[in-house]
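[1] predicted model follows, preceded by the sequence.
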Amino acid sequence: MTTAIPEDFEEWMAFIAAHLGTRTSHDLEPGGSVYLTGGDPPLVVVRLTRNIITVWEYAAAWNDADALVPAPIRIGAIAWRRLPPPAARSAIAALIDAARESRLSTFAVCRFCARRIAPEWLHEDDVCQDCATEHLGVVYGGRRR
């Protein structure tokens, strides 16, 4: 038996996707909640359930097996059904903006290629992994970007 998605749920998905930007992916969970991720590289993660919207700043770290493991940082949550729609939309937009700004503040410019790089792809504070391989001779244990 499939439960129909309420109309306001679909409206929220569209609203969130619009605020996350053009590079947005989404994953539907078995319980009916939806995770939306915006940015390339990822910047913001939002979970929409039937009652709560939670916003995280995307973060990730390398584990001992050379796998990138997401470790998002919770920015806040709103019980969207308990607020008037304009107030809920304003609060969610502010949380998404705050998460995006916080994530972007962690990026650094590589001294070799001059690209802004997410922290999980840095070898040093000012050298990306690609340039560390090319210019510093660093070899990563099977890790591919």
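    Right, received. Where do you want to start? Since the structure is predicted, the reported quantities are computational estimates derived from the model, not experimental observations.

[2] any stretches of the chain with poor pLDDT?
    Residues of the chain meeting the criterion pLDDT under 70: 1-7, 142-145.

[3] switch the cut-off to 80
    Applying pLDDT under 80 to the chain flags residues 1-7, 65, 141-145.

[4] mind checking the SS state of the nearest residue to residue 46 once chain neighbours are set aside?
    In this structure, residue 46 finds its nearest non-sequential neighbour in residue 36, 4.7 Å apart by CB to CB, 6 or more residues apart in numbering. (C-beta placed from N, C-alpha, C; glycine too.) In terms of secondary structure, residue 36 is strand; the call rests on DSSP: H, G, I helix; E, B strand; the rest coil.

[5] let me see the contact set for residue 36.
    Residues in contact with residue 36 (CB atoms under 8 Å, 6 or more residues apart in numbering) are 13, 16-17, 20, 24-26, 45-48.

[6] from those residues, which would you call buried?
    13, 16-17, 20, 24, 45-48 (16 or more other CB atoms under 10 Å).
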